[in-house]
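In: Based on what follows, work out the 3D shape:
(one chain, ligands or ions: 2)
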Amino acid sequence: MKKVDVVLGSFYGDEGKGKIIDYLGTQADVALRATGGNNAGHSIEVDGEKYVFHLIPSGILNNGTYAIIGNGVVIDPKVLLEEIKSLEDKGKSVSKLRISTKAHIIFPYHIAMDKLLEKNRGKGKIGTTARGIGPCYCDKYERCGLRVEDLYLVNFYDKLKINIENKNRIFKLYGEKEFDVDNVYKEYLGYAKKIKKYVCDTTILIHDLLNKDKKVICEGAQATLLDIDFGSYPFVTSSNPTIGGILTGSGLNPSNIGEVIGVMKAYSSRVGEGPYVTELKNEIGDKIRELGHEYGATTKRPRRCGYLDLVALKYACLINGITCLCMNHLDTIGKLDTFKVCVAYKNGDKVTTDFTTNEKELLDSTPVYETFKGNFGDISKVRKYEDLPDSAKKYIERIEEFVGVPIKYIGVGAGREEMIVR
Ligand code: IMO
Ligand code: MG
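Out: Residues are numbered from 1 along each chain as shown. Ligands and ions are numbered 1, 2, ... in the order given. As a prediction, this is how the structure comes out:
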C-alpha cells in the first residue's frame, strides 16, 4: 500500500503550500484536505493562469485526481459552490470532488459571530479572517454543530431552528441583526441540493483508494504556529493544522503516513495579530513584502514580514515529524544585498533555541541573528542545486544543519516549474 504524503505549514501560514502541493499533485491520484476552512488561501500558477483555492484541494487541477474534503474541514457551502463555478468557468472538471458527510457546515450566524467576537475583543483582537471558522468549530465541540449529512435529514429544520434561536439571543443582546430561520433554511436547502452529488463517507473512500495502491497527497492548511494547541495561543486558528489534525480530520491512521513535508519561506510572514519575534517593522520588512507580493490571498491584508526564524522551524519539525522541507522564495530573499536568520531567542539573560508558545515570553524575546550574503542574481531558471550561487547554498546548508532536516524542494519563482528538486 502506498503511503500518504502530507504537506504542512511550518510557520504562521502562507508559506506557499499550494505550489508544492501542485507539484506533488501531478504524481497523485488523490488530493485531500483535512483541516480548516476557507480561511486558507492557496494560490497556484499553471500555464500563466492563476488559481486561488480556499476549500477545494488544489490537486483537482490535475485531470482524474480525486479531490477530497475530509471530516475535519468546516465548509461554507456558498464559498464551495463559487469555487466549483470558478473552476468550471476555466474549463476544469470537478466531477471527482468528494465531501465528507461528517464535515461541519458554516452558517451565516457563524460569520456574524466571528465578527461580533472580534469587535468585543477590542485591542485584544485576533485578526481572524472573519469567515466564521472559530464559531463553527465552537459549535462542533459544543455538539450543536450541523454536519453535511444533517442537511439531508428530516429534522434539519428543527436543528437549525434551535441553533438560530440560541444565537439570536446573543445577537439581540449586542444589538446585532438577528437571523430568520426560514430564510437560512431555504438558502441552505438550495446548497444541499447542489452539493449532494459530491457527498460521501470520505474515510471509507480514502482507505479504499489506498487499498487499490492509489497515491494520496494531503494538503495542509494554516500552519504549526496557528495550531490551537501548539501555536501562539490565543492568536491562532480554531483547529489543529499540525500532523495530529491531519489524522483526526480524515480518518487516516499513523501507519498510513509517509513523507511529512514542511513548507517554509526563505524569510517569514504572518497575517493577523499576535507575537512575531523576527518581524521587521521597518523598510526591510516593507521591501520583503513588495518583493514577495505578501498580500493575503484570502483577505488581501498586507502581511507582516521578517527574517526566517530557525527556532520556530525546529519546533515545527519536532511537532510534526517533518521528514523534509520545501523552501519557497529563495529568489526573493536573494534580491537583498544581505539578510539575516534567527538562530536563538534572547530574553534577558536567557538565550534559548527552544520555541515557547507563552505570549509574554514571545513578546519579550529578541532574535539572535546570523547574517548571510544575498545578491543571488536571477536564479529562476536554475533547476539543479549545484547551479545555485555559493551564497545561496551556504544559507540552505545552514538551515539544514540547524534543524537536522533536509531541504528537498527549493522554490525559485512563482511558476509551477520554478523549483529545484534534490
Ligand atoms: P493558509 O492555509 C495565514 C490566521 C488569521 C488569524 C488567525 C485566526 O493560507 O496558510 P481564523 O479566521 O482562522 O479564525 O483566524 O489565523 N490564519 C491564517 N494566516 N494563512 C492562513 O491559511 C490562515 N488561516 C488563518 O489571520 O490571525
Ligand atoms: Mg493564507
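
In: need the helix or strand of this structure with the lowest average pLDDT.
Out: Least confident helix or strand of the chain, by mean pLDDT, DSSP states H and E, is strand 42-46 with a mean of 82.

In: May I see the buried residues of the next helix or strand after it?
Out: Counting by DSSP states H and E, the next helix or strand C-terminal to strand 42-46 is strand 49-53. Neighbour-count burial for strand 49-53 flags 51, 53 (criterion: 16 or more other CB atoms under 10 Å). The way it works is simple: take the backbone N, C-alpha and C, and place the C-beta from them, glycine included.

In: quick one, helices of this protein?
Out: With DSSP state H, the ranges of helices along the chain come out as 17-25, 77-89, 108-121, 133-142, 156-173, 181-195, 202-211, 243-248, 283-291, 310-320, 330-333, 359-364, 390-403.

In: buried set for the fourth one?
Out: Spelled out, it's helix 133-142. 133-140.

In: Next: the longest one.
Out: Of the residues in helix 156-173, those buried by neighbour count under the rule 16+ other CB under 10 Å are 156, 159-160, 163-164, 167-168, 171.

In: picking that back up, so which of the helices of the chain is nearest ligand 1?
Out: helix 133-142 (4.3 Å; CB to the nearest ligand atom).

In: Next one: the residue in the chain sticking out farthest from the centre from ligand 1, what distance?
Out: In the chain, the residue that sits farthest from the middle, by CA atoms, centre = their mean, is residue 349; the gap is 35.4 Å. Note on residue 349: its distance to ligand 1, by CB to the nearest ligand atom, to the nearest Å, is 32 Å.

In: hang on, the earlier thing: list the strands paired with the least confident helix or strand of the chain, with their directions.
Out: strand 49-53 (antiparallel) (DSSP bridges).

In: quick check: angle from the strand it pairs with to helix 17-25?
Out: Interaxial angle, strand 49-53 versus helix 17-25 (axes from the mean of the first three to the mean of the last three CA atoms, to 10 degrees): 110 degrees.

In: Start the count at 30 instead of 1 going forward.
Out: All set: I'll call the first residue 30, so the last point we hit is now strand 78-82.

In: which residues touch residue 265?
Out: Applying CB atoms under 8 Å, 6 or more residues apart in numbering to residue 265 gives the contacts 155, 254-257, 303.

In: Apply 6 Å and report the result again.
Out: When contacts are counted by CB atoms under 6 Å, 6 or more residues apart in numbering, residue 265 touches 255, 257.

In: Distance of it relative to residue 352?
Out: Residue 265 is 24 Å from residue 352, where distance means CB to CB, to the nearest Å.

In: Could I get the phi/psi values of the closest residue to ligand 1 within the chain?
Out: Per CB to the nearest ligand atom, residue 301 is where the chain lies closest to ligand 1, at 2.0 Å. Main-chain dihedrals, residue 301, degrees, to the nearest 10: phi 90, psi 180.

In: What pLDDT is listed against the residue nearest to it when sequence neighbours are not counted?
Out: The shortest distance from residue 301 to any non-neighbouring residue, by CB to CB, 6 or more residues apart in numbering, is to residue 156 (3.1 Å). On pLDDT, residue 156 comes in at 96.

In: Walk me through the domains of the chain.
Out: 33-129+228-289, 133-223, 292-450 (automatic domain parsing).

In: what's the closest non-adjacent residue to residue 57?
Out: Spatial nearest neighbour of residue 57, excluding adjacent residues (CB to CB, 6+ apart): residue 246 at 4.2 Å.

In: Check whether residue 67 really touches residue 81, as I assumed.
Out: No - Residue 67 lies out of contact with residue 81 (CB atoms under 6 Å); the separation is 10.6 Å.

In: hmm, back to that, mind checking pLDDT for the residue nearest to residue 57?
Out: So, for residue 246, pLDDT stands at 97.

In: if I read this right, it contacts residue 53, doesn't it?
Out: Yes - counting by CB under 6 Å, residue 246 does reach residue 53; the two are 5.1 Å apart.

In: Between the two, which has more neighbouring residues?
Out: residue 246 (28 against 20; other CB atoms under 10 Å).

In: ok, the more buried one to residue 272 distance?
Out: The separation that residue 246 has from residue 272, given CB to CB, amounts to 15 Å.

In: for residue 247, same thing?
Out: Distance from residue 247 to residue 272, counting by CB to CB: 10 Å.

In: ok, those two, which is more surrounded?
Out: Remark: of residue 247 and residue 272, residue 247 carries more neighbours, 33 against 20, as counted by other CB under 10 Å.

In: Can you verify my assumption that the more buried one contacts residue 34?
Out: No - Residue 247 lies out of contact with residue 34 (CB under 6 Å); the separation is 7.0 Å.

In: Identify the residue nearest residue 274 in space, chain neighbours excluded?
Out: residue 64 is the one closest to residue 274 (CB to CB, 6+ apart), at 4.5 Å.

In: Show the pLDDT at the one you found.
Out: Reading off the model, residue 64 has pLDDT 98.

In: And for residue 321?
Out: At residue 321, pLDDT is 97.

In: For it, give me its contacts.
Out: Contacts of residue 321 by CB under 6 Å, 6+ apart are 358, 361.

In: again, 7 Å this time
Out: 296, 358, 361 (CB atoms under 7 Å, 6 or more residues apart in numbering).
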